[in-house]
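This is a predicted model, with the sequence first.
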Amino acid sequence: MAVRLGDDAPNFTAETTEGTLDFYDWKGDSWAVLFSHPKDFTPVCTTELGRVAGLKPEFDKRDVKVIGLSVDELGNHGDWGQDIKDVTGNELNFPLIADTDRTVSDLYDMIHPNANDTLTVRSVFVIGPDNKVKLTLTYPASTGRNFDEILRVIDSLQLTAKHKVATPSDWKDGEDVIITGAVSDEEAAEQFPGYQTVKPYLRTTKQPG
Ligand code: BEZ
């Protein structure tokens, strides 16, 4: 069964490179990114994991914990860490789940049999402090993900969780935002002084907060 936006993220216990963990206990009240990759010792995955390790300070700044997953064994994950460091200069600094029995992959529907019946696809789940799923993404094995985009979405999710705004196409942190339809013009004048009406349904303002 697919995991959809707004669903409770399924909890699980798993073996990882940082020991056995209960997902909810490990995550606590933070945000989390759970992402799967097809296979250890493969080129695209090597670049992805190194990139995520390099972005750890950016995830930390946003109170986001990151956890990776594949169906490979723990031993493979460990040995592969040295290759990731050799190639990208970055040490693995987040847990990798060894989902050999596919418990987590099945819970999160990370194996798409018509793409590959044994390996996980490149799934991404962003999970909020309330343990609800806020974002899902699925990429094919042949395309490495853009983790700057994942940080960008997290910025939008965290902003829109606090303020009655939405973010336009290609928005980046610090740029103007859209006032949601839930805010009347009177409230908008109070909450977002100087806001602009582009169309009656499209009102923009400086990024709050
Ligand atoms: C890769 O990471 O390069 C990869 C993994 C599985 C299938 C194809 C590519």
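Ah, there it is.

Spell out which parts of this protein neighbour the ligand.
Counting by Cβ under 6 Å from any ligand atom, the residues of the chain close to the ligand are 38-39, 42-45, 141-142. For glycine as for every other residue, the C-beta is placed from the backbone atoms N, C-alpha and C.

Pull out the buried residues from the lowest-mean-pLDDT helix or strand in the chain.
Lowest on mean pLDDT, DSSP states H and E among the helices and strands of the chain sits helix 74-88, with a mean of 92. For helix 74-88, a neighbour-count test (16 or more other Cβ atoms under 10 Å) marks 76-77, 80-81, 84, 88 as buried.

quick one: contacts for Asn76?
40-41, 98 (Cβ atoms under 8 Å, 6 or more residues apart in numbering).

what does Pro140 give?
Under the criterion of Cβ under 8 Å, 6+ apart, the neighbours of Pro140 are 115, 121-122.

Now do the same for Met1: its pLDDT.
The score at Met1 is 72. That number is its pLDDT.

can you list the domain ranges for the chain.
Domain assignment for the chain, taken from automatic domain parsing, gives 13-145, 163-205.

just checking, which of the ones you listed sits deepest inside the structure?
Using mean count of other Cβ atoms under 10 Å, the stretch among the domains of the chain with the largest mean neighbour count is domain 13-145, at a mean of 17.

does the residue at the greatest distance from the centre of the chain sit in a helix, a strand or a coil?
Relative to the C-alpha centroid of the chain, counting by Cα atoms, centre = their mean, Glu186 is the outermost residue, at 35.8 Å. What DSSP: H, G, I helix; E, B strand; the rest coil gives for Glu186 is helix.

okay, among the residues of the chain next to the ligand, which ones form the most distant pair?
Put simply, by Cβ to Cβ the two of these set farthest apart are Lys39 and Ser142, 12.5 Å from each other.

circling back to that earlier point, with distance to Ile111 as new columns, can the buried residues of helix 74-88 be given to me in CSV?
What follows is the buried residues of helix 74-88, written out as CSV (distance: Cβ to Cβ, whole Å):
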residue, distance to Ile111
Asn76, 18
His77, 18
Trp80, 20
Gly81, 24
Ile84, 23
Thr88, 26
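
Report the two of those residues separated the most.
Set against one another by Cβ to Cβ, these have their most distant pair in Asn76 and Thr88, with a gap of 17.7 Å.

Tell me which residues are up against stretch 194-204.
Contacts made with stretch 194-204 from outside it, assessed by Cβ under 8 Å, 6+ apart, are listed as 168, 176-179, 181, 185, 188-189, 192, 205-206.

And it, end to end?
With Cα to Cα, to the nearest Å as the measure, stretch 194-204 spans 9 Å from end to end.

now stretch 57-68
The separation between the terminal residues of stretch 57-68, taken as Cα to Cα, is 16 Å.

as a whole number, average confidence for that stretch?
If you average the pLDDT over stretch 57-68, you get 98.

For that stretch, what is the distance to the chain centroid?
9 Å (Cα atoms, centre = their mean, to the nearest Å).

can you give me the strands in the chain?
Counting by DSSP state E, one finds strands in the chain at the ranges 13-16, 19-22, 31-36, 64-70, 96-98, 122-127, 133-139, 165-166, 177-179, 196-199, 202-205.

Save the ones you listed as TSV, and put in distance to Met110 too.
Conversion of the strands of the chain to TSV gives the following (distance: least, Cβ to Cβ, whole Å):
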stretch	distance to Met110
strand 13-16	13
strand 19-22	18
strand 31-36	4
strand 64-70	7
strand 96-98	11
strand 122-127	5
strand 133-139	9
strand 165-166	29
strand 177-179	33
strand 196-199	40
strand 202-205	37
